[in-house]
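Student: let's see this in three dimensions:
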Amino acid sequence: MAPALGSHKLSTDDVNDMLHFRMINEQQVEGISINFFYKPHTLTLLTFTVASLMYFVFSRDDADVDNNLRVGFLLVVSFFLVISVLAFPNGPFTRPHPAIWRMVFGLSVLYFLFLVFLIFLNWAQVKRLMYWVDPNLRYATRETDVMEYAVNCHVITWERILSHFDIFAFGHFGGWAMKAMLIRSYALCWTISITWELTELFFMHLLPNFAECWWDQLILDILLCNGGGIWLGMTVCRFLEMRTYQWASIKDIHTTTGKLKRVVLQFTPASWTYVRWLDPKSSFQRVAGIYVFMILWQLTELNTFFLKHIFVFQASHALSWCRILLLGIITAPTVRQYYAYLTDTQCKRVGTQCWMFGAIAFLEALACVKFGQDVFSKTQARSVFQWLLCVVRAVCVSLSISLARCVCMCAHVITSKAILPASITIPQVSITVTCYLDCVIPLVPRSSLQTIVHKYKHHGTTQPSYRTGRRRILSLRDVRTLVRKV
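Tutor: Numbering: from 1, shown residues only. Presented below is the predicted three-dimensional model:
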């Protein structure tokens, strides 16, 4: 029989690329100890969902039209999450369970579809929908209508400074700690932090609540909240980076305390990947991708403030913090997939969660532009141009510093290879190499470094510091991304 017209046979490289993409963006669980939690229970789930649906249909009173709509909407969301568990990919993470991350992706799809529906409504329909969700929004006012910003900045007292440490300040601090744990780069975190303060300055004519006193912006925001959160997040990253990930089955643990500890540790990462956004041989696509990453991050932050200003709800309202919580959760797999796309030459496309996050960010911006034309009509083109110029300059400086550090580190690696005594043997480390590169620092357990330091003593060589020993032992493996087997 003749081959079908237009048929195409995948090459070996195409198949390898597909398998590599799935290995990175659709992680599979290794070393399963309790099979019940990872076996498919499709028929059981189908029986349970159908029985639950029958119970709700015939047991509740359907006289209240408004309540019917609310219950119907909640059940649609619930059943869509059930389908997400059955049909969607795992994503790049497997802890605490892949089903959790499938539901996270399902929630992001639902939010994306809601935004698509929203942008085709008119303003009256949008307000009617908001009042249906929360009738109290009829009486909501903008924060800028009841508060004053950047007044009496020359008056600096301890009482005034302490009054700024409210729940939002601690949320600011915790948010930056989480951002640092996701990005894992001092240079990128500080660049995003500083460029965001510049964003507030240049968009102050559109959002009056961006106006802040100099001491509030420089000391409280950049140094204390942002800087403290970045330091805490990076400290946690360094701690997790140097851990030895050897997971024991809960069946092999015989004490109750040990079993409880293992259950708690199930909510911690199964492994930790050293992240390096730039290296001396970075391509133009990789550098441009970092620019896009930082611009998209700023756009997401801007959407937070424009949404609550245009659609008129307070920062403490459930619409605000639920959106922030959802985006915070989906950012974790998004950053991981985008990093793999930038740094892995074998990864030809972005992951599904990353694609969805970008679509959500642009749809939110589109909704703000459509329903906030009275706000954007006051836009000063000069301020927006200056903002873009400042962001580009800040990113250029940050990338230049990061690149210079990478060059210095590579020079140190080459020197370390020449200095390292030939008689020292390096303990083998169980690793899975995902991609190759000429210059990088992967993960090495602390025990291996202590062995190297001990052998340096016996060879009469000056004992290196912990960081120096780490760099020397890591210089023996030319790899970019290493993930320890669990």
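Student: buried residues in stretch 84-101?
Tutor: 84-85, 88-95, 97-101 (16 or more other C-beta atoms under 10 Å). All C-beta atoms are positioned from the backbone trio N, CA, C, and that covers glycine.
Student: likewise for stretch 207-218?
Tutor: For stretch 207-218, the buried set under the neighbour-count rule, 16+ other C-beta under 10 Å, comprises 207-213, 216-217.
Student: nearest to residue 108 among those residues?
Tutor: residue 207 (26.1 Å; C-beta to C-beta).
Student: my guess is that closest one contacts residue 305, does it?
Tutor: Yes: with contact defined as C-beta atoms under 8 Å, residue 207 reaches residue 305; the gap is 5.5 Å.
Student: secondary structure and pLDDT added to the buried residues of stretch 207-218, as TSV?
Tutor: Shown next, in TSV, are these (DSSP: H, G, I helix; E, B strand; the rest coil; pLDDT from 0 to 100):
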residue	secondary structure	pLDDT
207	coil	84
208	helix	83
209	helix	82
210	helix	83
211	coil	80
212	coil	81
213	coil	82
216	helix	81
217	helix	82
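Student: just send those back as TSV, with distance to residue 40 too.
Tutor: Compiled in TSV, the buried residues of stretch 207-218 are given as follows (distance: C-beta to C-beta, whole Å):
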residue	distance to residue 40
207	49
208	54
209	50
210	50
211	55
212	53
213	58
216	54
217	53
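Student: where does the stretch 301-450 of the chain dip in pLDDT?
Tutor: Applying pLDDT under 70 to the stretch 301-450 of the chain flags residues 394-395, 397-450.
Student: what ranges do the strands span in it?
Tutor: 431-436 (DSSP state E, counting those that start in this stretch).
Student: and the nearest residue to residue 93 once chain neighbours are set aside, how far is that from residue 94?
Tutor: Nearest-residue entry for residue 93: residue 101, 5.4 Å, with adjacent residues in sequence omitted and distances by C-beta to C-beta, 6 or more residues apart in numbering. Counting by C-beta to C-beta, to the nearest Å, the gap from residue 101 to residue 94 is 8 Å.
Student: and residue 171, how many neighbours?
Tutor: The tally of other residues near residue 171 (other C-beta atoms under 10 Å) stands at 14.
Student: again but with residue 113, I slipped
Tutor: By other C-beta under 10 Å, 12 other residues sit near residue 113.
Student: repeat that for residue 202.
Tutor: Residue 202 has 20 nearby residues by other C-beta under 10 Å.
Student: and what of residue 140?
Tutor: Counted with other C-beta under 10 Å, residues neighbouring residue 140 total 15.
Student: helix/strand/coil for residue 204?
Tutor: Counting by DSSP: H, G, I helix; E, B strand; the rest coil, the backbone at residue 204 sits in coil.
Student: mind checking the end-to-end distance for stretch 346-359?
Tutor: By C-alpha to C-alpha, to the nearest Å, the extent of stretch 346-359 from end to end equals 24 Å.
Student: how close does residue 211 sit to residue 324?
Tutor: Taking C-beta to C-beta as the measure, residue 211 falls 22 Å from residue 324.
Student: quick one on the thing from earlier: ok, of the buried residues of stretch 207-218, which one's closest to residue 310?
Tutor: residue 207 (10.0 Å).
Student: look up the closest residue to residue 121, ignoring the ones flanking it.
Tutor: Nearest residue to residue 121 in three dimensions, chain neighbours excluded: residue 129, at 7.2 Å (C-beta to C-beta, 6+ apart).
Student: next: residue 227.
Tutor: Spatial nearest neighbour of residue 227, excluding adjacent residues (C-beta to C-beta, 6+ apart): residue 193 at 7.6 Å.
Student: check contacts around that neighbour.
Tutor: By C-beta atoms under 8 Å, 6 or more residues apart in numbering, the contact list for residue 193 reads 176, 222, 226-227, 230.
Student: again, but for residue 336
Tutor: Contacts of residue 336 by C-beta under 8 Å, 6+ apart are 92-93, 351.
Student: mind running it again at 7 Å?
Tutor: residue 92 (C-beta atoms under 7 Å, 6 or more residues apart in numbering).
Student: for it, give its distance to residue 365.
Tutor: Distance of residue 336 to residue 365, computed by C-beta to C-beta: 24 Å.
Student: repeat that for residue 338.
Tutor: Counting by C-beta to C-beta, the gap from residue 338 to residue 365 is 18 Å.
Student: all set, thanks.
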